[in-house]
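[1] Please find the sequence and the predicted model below.
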Amino acid sequence: MTQRPLIVALDFPDREEALEFLTTFKNKKLFVKVGMELFYKEGRAFIYDLKEQGHHIFLDLKLHDIPTTVKRAMKQLASLEVDLVNVHAMGGVEMMRAAKEGLMEGTPANGSIPTCIAVTQLTSTSEEVMQKELKIAGTLNDHVIHLCHRVKDAGLDGVVCSAQEVQLIRKHIPSPFYTVTPGIRRNEDASDDQQRVVTPQLASHYGSDAIVVGRGITRAEDPLAAYEQYEKEWRQGI
Ligand SMILES: O=c1ccn([C@@H]2O[C@H](COP(=O)(O)O)[C@@H](O)[C@H]2O)c(=O)[nH]1
């Protein structure tokens, strides 16, 4: 994966809006994230559009199903040759191993296998919701660390987590282990539906390998200026 990218979440309803947004960046090559909303509407063709423009791509579909289905789905996604894909760690070790197998089988002979990471606990989940609603016992940190061990057992490359958990992960999980962290907000930003938010500077200080920023950039009046500000704060750290 490229060094410490700021990944822009292209959370748009269709290709036209996403491409219009990207024109703001002129010919800058970004690391972009395509999630369910855009992929379910535009499918593989849009990934080819982005590749043609030279962007790095995180295909954020968070697969979570029985191992055979995940393996077959990953095999299909592998042929897209994106940079980064993911599953839910809660699918279990067998499912995560199957994801990796599917990627290996589906990657063309001269291609490189995408980095594959697993979502631990969504950044929109608070510890209270995790314990009371989802009935997961223990602290949120314990749960995230437990899942990180399972991700490592499965041979995946790292996790999606909140930057709040990165220092703890570094303490418990041997490197290399990517930590890709959404839920990034500057102090002046609204949290929206995110619960475990961290500023770009702190994410950098805690040691995140990548930050994911959506609305802070996509809904800014001047997305390029917002991107540059996030990028500056992320690069400077503390
Ligand atoms: O735990 C997770 C996993 C994925 N996401 C995704 O990241 C972006 C964040 O967007 P913001 O607008 O910056 O909140 C979004 O696409 C989510 O699907 C996440 O937030 N948390």
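    Happy to help now that I have it.
[2] Just to check, Thr199 is in contact with Arg186?
    Yes. Here Thr199 reaches Arg186: they are 5.8 Å apart, a contact under CB atoms under 8 Å. For the C-beta atoms, the positions are set from N, CA and C on the backbone; glycine is no exception.
[3] Give me the more crowded residue out of these two.
    Under the criterion of other CB atoms under 10 Å, the comparison of Thr199 against Arg186 puts Thr199 first, with 20 against 15.
[4] can you pull the contacts of Asn141?
    Residues counted as contacts of Asn141 (CB atoms under 8 Å, 6 or more residues apart in numbering) are 165, 168.
[5] coming back round to it: any common contacting residues for Thr199 and Arg186?
    Contact with both Thr199 and Arg186 is made by residues Glu233, according to CB under 8 Å, 6+ apart.
[6] Show the backbone phi and psi for His88.
    phi -90, psi 130 (degrees, to the nearest 10).
[7] Need the pLDDT of it.
    You'll see His88 listed with a pLDDT of 98.
[8] Can you verify my assumption that it contacts Asp65?
    No. The pair His88 / Asp65 is not scored as a contact, 9.3 Å apart, by CB under 8 Å.
[9] more crowded one of those two?
    A count of neighbours by other CB under 10 Å puts His88 above the other of His88 and Asp65, at 20 against 16.
[10] ok, the closest residue to that one other than its chain neighbours - contacts?
    Of all residues not flanking His88 in the chain, His64 sits nearest, at 3.9 Å (CB to CB, 6 or more residues apart in numbering). Taking CB under 8 Å, 6+ apart, we find His64 in contact with 70, 87-88, 90-91, 95.
[11] Could I have the CA atoms of stretch 214-232 written out in PDB?
    The C-alpha atoms that make up stretch 214-232 are tabulated as PDB, following Å, rounded to 0.1, in the frame of the first residue of the first chain:
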ATOM      1  CA  GLY A 214     -15.500  11.400   3.700                       C
ATOM      2  CA  ARG A 215     -17.900  14.200   4.600                       C
ATOM      3  CA  GLY A 216     -15.200  16.500   5.900                       C
ATOM      4  CA  ILE A 217     -14.000  16.800   2.300                       C
ATOM      5  CA  THR A 218     -16.900  15.800   0.100                       C
ATOM      6  CA  ARG A 219     -19.400  18.200   1.600                       C
ATOM      7  CA  ALA A 220     -17.000  21.100   2.100                       C
ATOM      8  CA  GLU A 221     -17.600  24.200   0.100                       C
ATOM      9  CA  ASP A 222     -14.100  23.900  -1.300                       C
ATOM     10  CA  PRO A 223     -13.200  20.200  -1.300                       C
ATOM     11  CA  LEU A 224      -9.700  20.700  -2.600                       C
ATOM     12  CA  ALA A 225      -8.900  23.200   0.200                       C
ATOM     13  CA  ALA A 226     -10.500  20.900   2.800                       C
ATOM     14  CA  TYR A 227      -8.400  18.000   1.400                       C
ATOM     15  CA  GLU A 228      -5.200  20.000   1.700                       C
ATOM     16  CA  GLN A 229      -6.000  21.000   5.200                       C
ATOM     17  CA  TYR A 230      -6.700  17.400   6.300                       C
ATOM     18  CA  GLU A 231      -3.600  16.300   4.500                       C
ATOM     19  CA  LYS A 232      -1.500  19.000   6.100                       C
END
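[12] Good, we can wrap up now.
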